[in-house]
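In: Test case, fold it:
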Amino acid sequence: MPVPWLIFWSVTEMVIMVAAVWSWWSRRAMLVGRVAVATLFIAGGALFNTLHLTTGGDYAGFADASYLPFVTDTWRAVVGPHQHLFISLLVAFELGVGVLVVSGGRWTRLGLVAAIGFHVGLMFFGWLYYPFSIAMIVAFALLLHAERNDAEKTATTAPLRQCTPVARHTA
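Out: As a prediction, the model looks like this:
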């Protein structure tokens, strides 16, 4: 794995984790978290996999570290021989998650749920993914909680603003 990508992923993940913790108290941190998650999925996921695939990268052995023979065998039999198709689908998924997360509202929450599901699934590919995946799942869950709280605050204050009578001046 090229070192610049490892640095990129590490920095992005740290920003996500810090923003996720601070998102409980700061809307700005929640928004930074959104951008960082989108960056992770769009650049660190979709772009990386696109570049890796188009430059001849091989995904056939990706599942070799799995502790489940079913995962390893299925990956080698299905994904390995058709990696251009399946990695292209992965790229589309990662791009979609990134776009959803920065879209705001329900779309952001849907994107965060998809990101959580992605990292749960990643854990089946080996113990090496557990620390990273668990950290990201917790961070995404914190961001999801902050997004829900923000949506509730907006929903409860917006009707009040709309119903506030406006003083009229008569001449």
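
In: ok, residue 143 - contacts?
Out: Residue 143 sits next to 16, 19, 20, 23, 30, 33, 34, 37, 112 when contact means Cβ atoms under 8 Å, 6 or more residues apart in numbering. C-beta coordinates here come from the backbone N, C-alpha and C atoms, glycine included.

In: Same question for the fifth one, what's its three-state structure.
Out: The three-state label for residue 30, taken from DSSP: H, G, I helix; E, B strand; the rest coil, comes out as helix.

In: Can you pick out the most distant pair from the contacts of residue 143?
Out: Within those, 19 and 112 form the most distant pair, 12.4 Å apart (Cβ to Cβ).

In: Wait, residue 68 touches residue 126, no?
Out: No. Residue 68 sits out of contact with residue 126 when judged by Cβ atoms under 8 Å, with a separation of 9.4 Å.

In: Which of these two has more residues huddled nearby?
Out: Higher neighbour count among residue 68 and residue 126: residue 126, with 17 against 12, using other Cβ atoms under 10 Å.

In: Which residue is the nearest non-sequential neighbour of that one?
Out: residue 65 (3.2 Å; Cβ to Cβ, 6 or more residues apart in numbering).

In: my read: the one you found touches residue 128, true?
Out: Yes. Using Cβ under 8 Å, residue 65 is in contact with residue 128, at 5.9 Å.

In: Could you check which of these two is surrounded by more residues?
Out: residue 65 (13 against 10).

In: Quick one: low-confidence residue ranges for the chain.
Out: In the predicted model, the chain carries pLDDT under 70 at residues 157-171.

In: What helix or strand is the residue nearest the centre of it located in?
Out: For the chain, residue 115 is the residue whose C-alpha lies nearest the centre (Cα atoms, centre = their mean; 3.9 Å). Counting by DSSP states H and E, the element that carries residue 115 is helix 105-122.

In: Give me the phi and psi angles of residue 56.
Out: Main-chain dihedrals, residue 56, degrees, to the nearest 10: phi 90, psi 10.

In: out of the contacts of residue 143, which are inside strands?
Out: Counting by DSSP state E, none of the members of the contacts of residue 143 fall within strands.
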